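Chemist: Okay, here's the prediction I keep looking at, along with the sequence it came from:
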Amino acid sequence: MKNGNKILIYGIVLAMTVLADAYSVIAVGKIINEKISHELLYFSCLVVIISALSHFLQPLLIFGISIKLREAKFNFIYSLKDKNYFSLERLIQKDEMIFHNLIVSNVQIIIKVVSLLMISLALIISSDLKLLIAISLIPLVVLLYRAIFSKKLKFITTQISESFHAITELRKVGGALSKAAYYNAPRTLIPYINKIYENYYSGLANQNAMSNGYRTSIEVSAYLSIFILASVYQNKELLNSLIVMGYSGLKVLPLVQQLNFYVNVRKNGVEQFEIVINNKLNEKKINEEQLKALYDSRNSVLVIKGISGSGKSTLMDSFADELKAKKIKYSYYVQNQYPLSEILNAKNSGRLNIKNYSLSDILNGKYSIGEIQRIAFLSTIEDDVEYLLLDEPFSSQSTDYMKQMVKMLQEKIARGVKIILISHIDVTSNFQNFSIIECNYDRNNSGTN
């Protein structure tokens with residue numbers, strides 16, 4: 001079934017739950033006033049029960065719609081149609097946050113607003129107009145509360161966002177960080193990590209309290225309205241109307257509270273998505289000497305050298321962009337790369353002591369860094385390409401494994417493949433024809449030379 005059809009079906013069922021919620025207000029009014037036949041009485045009771053079930057159904061339907069909307073919104077990045085890899089990198093880090101804070105919030109806001117309008121309409125139909133005039137005190141109090149505390153809530157939301165971003169970064173380096181802290185003096189690091197989590201949890205608690213403040217303001221204003229009305233009017237119909245309003249309040253209070261929550265977190269979702277799509281690639285042009293070295297057929301290996309931070313990986317990226325633009329077949333082993341597939345040549349796998357594996361096992365930490373990088377190396381060199389771009393392929397490898405990897409590269413060279421290599425280990429003696437490019441990029445000045 002296509003995404004559009006699924007969204008339509010979910011939307012229809014969701015609309016039915018919203019209508020059931022609204023009609024249940026009218027149904028309660030009819031039930032307590034005893035103005036309906038037995039058949040309609042049973043139907044009204046059924047609607048009230050269905051309305052109660054909507055609390056279970058709505059989250060499932062909302063997430064069903066949101067998942068389909070996510071596919072459409074993120075497709076241009078996950079399908080690699082975006083102009084650079086930074087957007088994909090950021091989206092992998094922020095997918096969960098954007099999904100909940102932007103996409104789910106958008107659907108939730110629509111549903112909450114429609115539900116509030118429908119319930120309000122049902123209340124107008126089924127209640128005494130005198131009550132509605134007095135009950136108008138409720139939205140006025142809510143607006144006043146929002147005006148007073150909106151800046152405070154915005155500050156809390158920003159605090160949560162910043163803390164969560166810091167926690168995300170910590171999670172990415174958690175293994176290495178924990179090991180380093182355990183074997184070395186952590187100094188101020190551990191207290192700093194604790195402070196980040198404390199700020200995050202404190203922000204969540206304050207945000208929850210502020211959101212509950214809406215419910216408090218609604219309840220207080222509702223009680224004041226009912227007290228005023230009860231002092232002025234004393235009849236059965238008024239009492240019945242108050243019961244209908246009380247029932248409506250049970251539905252309206254959580255709706256207003258949730259609507260306020262999703263409106264606020266949506267702002268954070270918009271900001272995070274802007275970060276994803278506005279990551280522009282810092283392109284550096286290849287000079288004539290570098291371009292000549294890239295296409296020089298006399299040398300089968302081009303080695304990029306330079307100190308750390310001198311622009312070696314940046315130049316390699318530029319070479320990859322050049323080959324991609326010219327539609328020349330290449331395969332690129334990125335530094336510390338993870339495997340991109342589960343299909344490997346059995347013979348080559350044996351040479352590097354790689355047996356059956358799965359991507360899920362790798363992501364769940366069942367392989368060492370060296371094993372992961374050997375698997376990624378194998379998946380890179382198996383492609384039928386004209387160029388192999390390798391950024392530090394020998395890191396975390398023993399001498400024996402490195403020798404096997406060099407032999408595999410020699411076999412690729414024999415088939416006419418050109419190797420572009422960055423390595424802190426000098427392996428040039430293993431190749432007959434090679435050239436070297438020196439990088440001396442200065443971060444504070446111009447660029448790669």
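Modeler: All right, it came through fine.

Chemist: Please point out which parts of the helix or strand harbouring residue 375 sit buried.
Modeler: In the assignment (DSSP states H and E), residue 375 maps to helix 369-381. By neighbour count, and taking 16 or more other CB atoms under 10 Å as the criterion, the buried residues in helix 369-381 are 371, 372, 373, 374, 375, 376, 377, 378, 379, 380, 381. For every residue, glycine as well, the C-beta is placed using N, CA and C.

Chemist: same thing with stretch 56-71?
Modeler: Taking 16+ other CB under 10 Å as the basis for neighbour counts, the residues of stretch 56-71 that come out buried are 58, 61, 62, 63, 64, 65, 66, 67, 68, 69, 70.

Chemist: Can I get the residues you listed in TSV including secondary structure and distance to residue 329?
Modeler: Rendered in TSV, the data for the buried residues of stretch 56-71 read as follows (DSSP: H, G, I helix; E, B strand; the rest coil; distance: CB to CB, whole Å):
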residue	secondary structure	distance to residue 329
58	helix	50
61	helix	46
62	helix	45
63	helix	41
64	helix	41
65	helix	41
66	helix	39
67	helix	36
68	helix	35
69	helix	36
70	helix	33
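
Chemist: Which two among these are spaced furthest apart?
Modeler: In terms of CB to CB, the buried residues of stretch 56-71 reach their longest pairwise distance at 58 and 70, which sit 18.1 Å apart.

Chemist: Report the rounded mean pLDDT for stretch 162-173.
Modeler: Confidence over stretch 162-173, taken as the mean pLDDT, stands at 77.

Chemist: Stretch 47-64 now?
Modeler: Confidence for stretch 47-64, expressed as mean pLDDT, is 80.

Chemist: same thing with stretch 299-316?
Modeler: Computed over stretch 299-316, the average pLDDT equals 88.

Chemist: Pull it out as PDB, backbone CA atoms only.
Modeler: In PDB, the C-alpha atoms belonging to stretch 299-316 read as follows (Å, rounded to 0.1, in the frame of the first residue of the first chain):
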ATOM      1  CA  ASN A 299      51.900   6.100 -11.100                       C
ATOM      2  CA  SER A 300      49.600   3.500  -9.800                       C
ATOM      3  CA  VAL A 301      49.700   4.900  -6.300                       C
ATOM      4  CA  LEU A 302      49.200   8.500  -5.100                       C
ATOM      5  CA  VAL A 303      50.200   9.000  -1.500                       C
ATOM      6  CA  ILE A 304      48.800  12.100   0.400                       C
ATOM      7  CA  LYS A 305      51.100  13.100   3.200                       C
ATOM      8  CA  GLY A 306      51.100  15.800   5.900                       C
ATOM      9  CA  ILE A 307      50.900  16.400   9.600                       C
ATOM     10  CA  SER A 308      47.600  16.000  11.500                       C
ATOM     11  CA  GLY A 309      45.200  18.700  10.500                       C
ATOM     12  CA  SER A 310      47.100  19.600   7.400                       C
ATOM     13  CA  GLY A 311      44.200  18.900   5.100                       C
ATOM     14  CA  LYS A 312      44.800  15.300   3.900                       C
ATOM     15  CA  SER A 313      41.200  14.100   4.300                       C
ATOM     16  CA  THR A 314      39.900  17.400   2.900                       C
ATOM     17  CA  LEU A 315      42.000  16.800  -0.200                       C
ATOM     18  CA  MET A 316      40.800  13.200  -0.400                       C
END
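
Chemist: how far out from the middle of the chain is it?
Modeler: Taking CA atoms, centre = their mean, to the nearest Å, the mean C-alpha location of stretch 299-316 is offset from the chain mean by 34 Å.
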